[in-house]
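In: okay, predicted coordinates and the sequence, questions at the end:
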Amino acid sequence: MKIIDTEVTKITVPVRPGRNLAVIIEVAAMNYRLKRMGVNAAEQFSDRLNHAIADPEHDEF
């Protein structure tokens with residue numbers, strides 16, 4: 001999306017009434033920044049969660 005001759009990435013974030021919009025936007029911005037740096041936070045979380053489920057004796061969290 002272009003705003004005042006500057007390209008800006010548009011992200012659609014579904015929000016329900018009563019949610020903390022500031023925190024949701026902050027997390028979306030951090031996630032976007034990490035993705036641009038080559039880090040996939042959701043994939044890393046999923047891998048850590050699967051590892052914790054597979055090995056309950058190993059306390060990673």
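Out: Now that the structure is in, tell me what you want to look at.

In: hmm, who's touching the longest helix along the chain?
Out: In the chain, with assignment by DSSP state H, the single longest helix is helix 21-36. Applying CB atoms under 8 Å, 6 or more residues apart in numbering, the contact partners of helix 21-36 are 9, 11, 13, 15, 40-42. The way it works is simple: take the backbone N, C-alpha and C, and place the C-beta from them, glycine included.

In: which residue ranges of the protein form helices?
Out: Under DSSP H, the chain gives helices at 21-36, 41-54.

In: looking at the ones you listed, which is nearest to D5?
Out: Closest to D5 of those is helix 21-36 (CB to CB; 21.2 Å).

In: state the mean pLDDT of the closest one.
Out: Rounded to a whole number, the mean pLDDT of helix 21-36 is 90.

In: compute the inter-axis angle for the longest helix of the chain and helix 41-54.
Out: 90 degrees (axes from the mean of the first three to the mean of the last three CA atoms, to 10 degrees).

In: list the buried residues in helix 21-36.
Out: Within helix 21-36, no residue counts as buried by 16 or more other CB atoms under 10 Å.

In: for that helix, C-alpha coordinates in CSV please.
Out: Taking C-alpha atoms only, helix 21-36 is exported to CSV below (Å, rounded to 0.1, in the frame of the first residue of the first chain):
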residue,chain,number,x,y,z
LEU,A,21,-5.5,-3.3,20.5
ALA,A,22,-2.2,-1.7,21.4
VAL,A,23,-0.7,-5.1,22.4
ILE,A,24,-2.1,-6.9,19.4
ILE,A,25,-0.6,-4.3,17.0
GLU,A,26,2.8,-4.4,18.9
VAL,A,27,3.0,-8.1,18.5
ALA,A,28,2.0,-8.0,14.9
ALA,A,29,4.7,-5.4,14.2
MET,A,30,7.4,-7.4,16.1
ASN,A,31,6.3,-10.6,14.2
TYR,A,32,6.6,-8.7,10.8
ARG,A,33,10.0,-7.4,11.8
LEU,A,34,11.2,-10.9,12.8
LYS,A,35,9.9,-12.4,9.5
ARG,A,36,11.9,-9.8,7.5
